[in-house]
Every structure is written in C-alpha cells, then in structure tokens.
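> have a look at this prediction, sequence included:
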Amino acid sequence: MVPVIDLRRFVRAGDRVLLVARDGRDVQATFTHVSTQWASADVPRGSVATSESLRSALARSGTRLAVTFEALDVRQLIESDSIELAVVAAAVLGNRPAASDRALPPEMAVAIHVDADERVVRVPVQIVSAADGDIDLVCADRFAPGDEVTIAREGPEPFRVRVRIARRSPDGTATARFGCRVVAATGDDEVRLRALVVTV
C-alpha cells in the first residue's frame, strides 16, 4: 500500500538531495518537479536504472521524512539523466526532537537510522574522534558496517551529519565503537560535531 504523504511538504523543485541505492551507492539528485506521490529529478548519466529502489531522508521546517522511491522511468538528457520517481514507502520522523533527545547530556548526540523494515532507530552516542572525514562513535551495539546513520543534536547549536558505518568493534557488553565515514555535512555541522568529542 502506498503511504499517504505529500512529498511537497519535504522537497521542492530545485532542491539537491542525496539518494542511496540498495547497493549503497550515493546518487546526487536535483529535483525538477514534485507532486504528492511522485517526482522528477536530474541525476548523473548512468547512475540510476529503471525499477531501481532508492532511499533518502528529506527535511523541511523541522519535519523529517524517510522515503523509499522506485525509479519508474529513466530518460537520457544531454549531460545527465532525468528520472521519474514514485513513493513506495515513507515514514514521517516527527517535527521536534524526541524526549530522549532533549534529555541528552550536553556532550552527547543521537544517531538516527532507518532500518530495512523502515523502522526508525534512535541511539544516544558519544563522539570519541573526528578528523578528516572520519568519525568514531561509542553507543549501543545497534549498527553494522554499511549502515547509513545521521548523527544529530538539537538545541542552540544544532547539527546533522550523515555518516556510513565502516567498522564495528564490540566491547563485550551491549555497546560498541563504530568507525564512520562522513557522507554529507556542512562545514558548520562538522565544527559543532567536533566540539562534542570526548576521550573514553
């Protein structure tokens, strides 16, 4: 059953969005038209195939949407491809931080992951290292290499940094250390994340 959502709440024509293919490839897309349940976007030549599944996390005005698209059609343009996307699954993540986010100690952030069953996993994390696009986290052992996670913090110095888990080092308890590679972040977001680095 197609979810009842309106894409126009979360993305607009002209927005640049990172799509993630099932095999983990990142695809930069520029939306050219947005309707309630489908959209058109320009993507790099040959990066998307017809019937391919693509995931993304969209946000506007504090409301977040985890969405899965199917590429219904792919047409070649002069320097790119134009794709038609239909929503096949979606979950609204809410328009304000969860109570657990607001109660976080000042040195911690939260890791947000949408799993294969479209469930949203939120885990408090400590940032123990951050340099040159690599970030190490310590948190509950809930992730695996290849997972894409958004590290976020609300409040007066908010940030959202998207990373891919590269290494998992369990410590024999319910926690683990995860080595991550930054996928998407602004310079300001990375500076704010680094300010939370603690030694463990």
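Received, thanks.
> so what touches stretch 26-45?
Contacts to stretch 26-45, defined as CB atoms under 8 Å, 6 or more residues apart in numbering, come from residues 2, 5-8, 11-21, 47-48, 54, 69, 72, 76-77, 79-87, 183. Yep, even glycine has a C-beta here, placed from its N, CA and C like the rest.
> flag every buried residue along that stretch.
Buried residues in stretch 26-45, counted by 16 or more other CB atoms under 10 Å: 27, 29, 31, 34, 38-43.
> got it, and stretch 10-18?
10-11, 15, 17-18.
> contacts for it next, please.
26-34, 39, 41, 56, 58-60, 63-65, 67, 162, 183-184.
> swap the cut-off to 6 Å and go again
26, 29-34, 56, 58, 60, 65, 184 (CB atoms under 6 Å, 6 or more residues apart in numbering).
> what pairs with the strand or helix carrying residue 110, parallel or antiparallel?
Using DSSP states H and E, residue 110 falls within strand 108-114. Sheet pairing of strand 108-114 (DSSP bridges) gives strand 120-131 (antiparallel), strand 148-153 (antiparallel).
> could you find the closest non-adjacent residue to residue 54?
Nearest residue to residue 54, sequence neighbours excluded (CB to CB, 6 or more residues apart in numbering): residue 19, at 4.3 Å.
> residues near that neighbour, how many?
For residue 19, the neighbour count with other CB atoms under 10 Å is 24.
> that one against residue 55, yeah?
No: the pair formed by residue 19 and residue 55 falls short of the contact definition of CB atoms under 6 Å, at 7.0 Å.
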